[in-house]
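Asker: Any chance you can model this:
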Amino acid sequence: MRTSDELSEAEFRSLHRHLRAVAPGASTPRGSLDTITEEQVLAAVAEVRSGRTISLAAPVEIRTEPDDADPAEHRLTAPPDGKPAPSGLDFARDRFAMNVHGDVDSHLDALCHVIYDGTLHGGIPATDALSPDGSSALSVELARDGIVGRGVLLDIPRLYGLSWLEPGANVTCDDLIAAEARQGIRVRRGDIVLVRVGHRRRREELGPWDVARARAGLHPTALEFLASRQVAVLGSDGNNDTAPSTVQGVAFPVHVLAVHAMGMHLLDYLRFEDLAPICAREGRWTFLCVIAPLRLPEATGSPVNPLAIL
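Answerer: Numbers count the residues shown, from 1 in each chain. As a prediction, this is how the structure comes out:
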């Protein structure tokens with residue numbers, strides 16, 4: 001775990017080129033989702049022992065907070081004034097609106113979400129794909145059939161005897177490898193890797209803060225671990241990226257490397273505070289993971305409620 005170790009722009013671009021050369025999803029339209037085979041899904045089903053299901057999403061926030069200037073909106077649209085008819089049939093109806101890529105609510109980043117040097121994943125010119133109506137390429141529709149596979153939780157604060165990592169801390173390759181060893185598991189091809197930094201627990205115990213200025217996340221070089229293990233999806237209880245950024249001139253280097261270079265869907269701002277204690281108590285850190293984004297054909301992401309099935 002580090003609190004600095006910056007990369008220059010030249011070093012970052014070199015890492016970007018390296019990951020594009022070695023990551024299994026770097027040159028395919030569906031990206032690293034192709035690392036999950038039908039055989040691996042069947043093997044992941046065998047992880048289920050009790051049939052217990054646990055949500056990995058946080059409740060959607062509807063109040064303005066220091067980390068959420070544009071919260072979701074939810075209102076009852078019927079019956080009028082919330083007063084149902086005194087007799088006969090009536091319906092309660094509501095409307096929901098959301099900034100998908102905010103800093104609080106759990107969501108999936110599609111492969112069209114990150115634009116770097118004017119291009120999307122695979123070198124697609126962003127100007128050709130994006131319009132006011134959405135993205136004609138690499139949208140969340142790529143995951144329309146769901147993402148199902150073996151989930152692996154790597155609990156980094158637990159590795160250091162902490163409840164959470166303080167904002168600004170960086171999770172390194174060495175941290176991920178050490179968590180594997182401590183937890184008695186090994187990340188393998190097609191896994192859905194979930195990295196706990198304790199962001200949610202800190203927020204719940206100390207209250208919201210301006211996470212755009214300071215948050216724990218992965219160091220960009222940690223993506224080499226994910227590429228070498230041929231991981232399908234990366235998720236975290238934070239943004240995956242550290243703030244402040246460790247790369248000069250690039251605010252979200254992990255997003256650029258994962259989505260743009262490696263073709264890897266990201267899960268941001270999940271919640272592991274129900275799952276992690278069970279994993280620790282039972283000494284098992286793998287499970288069937290089911291992710292079902294909304295079918296939004298030209299969207300850059302989707303709210304999501306991933307499930308761990310133990």
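Asker: okay but Q40 is in contact with R150, surely?
Answerer: Yes: the criterion here is Cβ atoms under 8 Å, and Q40 meets it with R150 at 7.0 Å. Every residue, glycine included, has its C-beta placed from N, CA and C.
Asker: Quickly list what's touching both of the two.
Answerer: G190 (Cβ atoms under 8 Å, 6 or more residues apart in numbering).
Asker: From the chain's centre, how far out is the helix or strand where D128 lies? Work that out for me.
Answerer: Secondary structure from DSSP states H and E places D128 in helix 126-129. Remark: helix 126-129 is offset 24 Å from the chain centroid, using Cα atoms, centre = their mean, to the nearest Å.
Asker: before we move on, what about stretch 18-25?
Answerer: What separates the centre of stretch 18-25 from the centre of its chain is 19 Å, taken as Cα atoms, centre = their mean.
Asker: Show the average pLDDT along that stretch.
Answerer: For stretch 18-25, mean pLDDT is 96.
Asker: Of all the residues in it, which ones are buried?
Answerer: 19-20, 23-25 (16 or more other Cβ atoms under 10 Å).
Asker: Convert the C-alpha atoms of that stretch to CSV, please.
Answerer: Taking Å, rounded to 0.1, in the frame of the first residue of the first chain, the C-alpha atoms of stretch 18-25 are listed here in CSV:
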residue,chain,number,x,y,z
HIS,A,18,2.1,-2.6,-22.7
LEU,A,19,-1.4,-3.5,-21.5
ARG,A,20,-2.9,-3.1,-25.0
ALA,A,21,-0.3,-5.6,-26.1
VAL,A,22,-0.8,-8.2,-23.4
ALA,A,23,-4.4,-7.9,-22.1
PRO,A,24,-6.7,-10.6,-23.5
GLY,A,25,-9.5,-8.2,-24.2
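Asker: circling back to that earlier point, among the buried residues of stretch 18-25, which ones are in helices?
Answerer: Within the buried residues of stretch 18-25, residues falling in helices by DSSP state H are 19-20.
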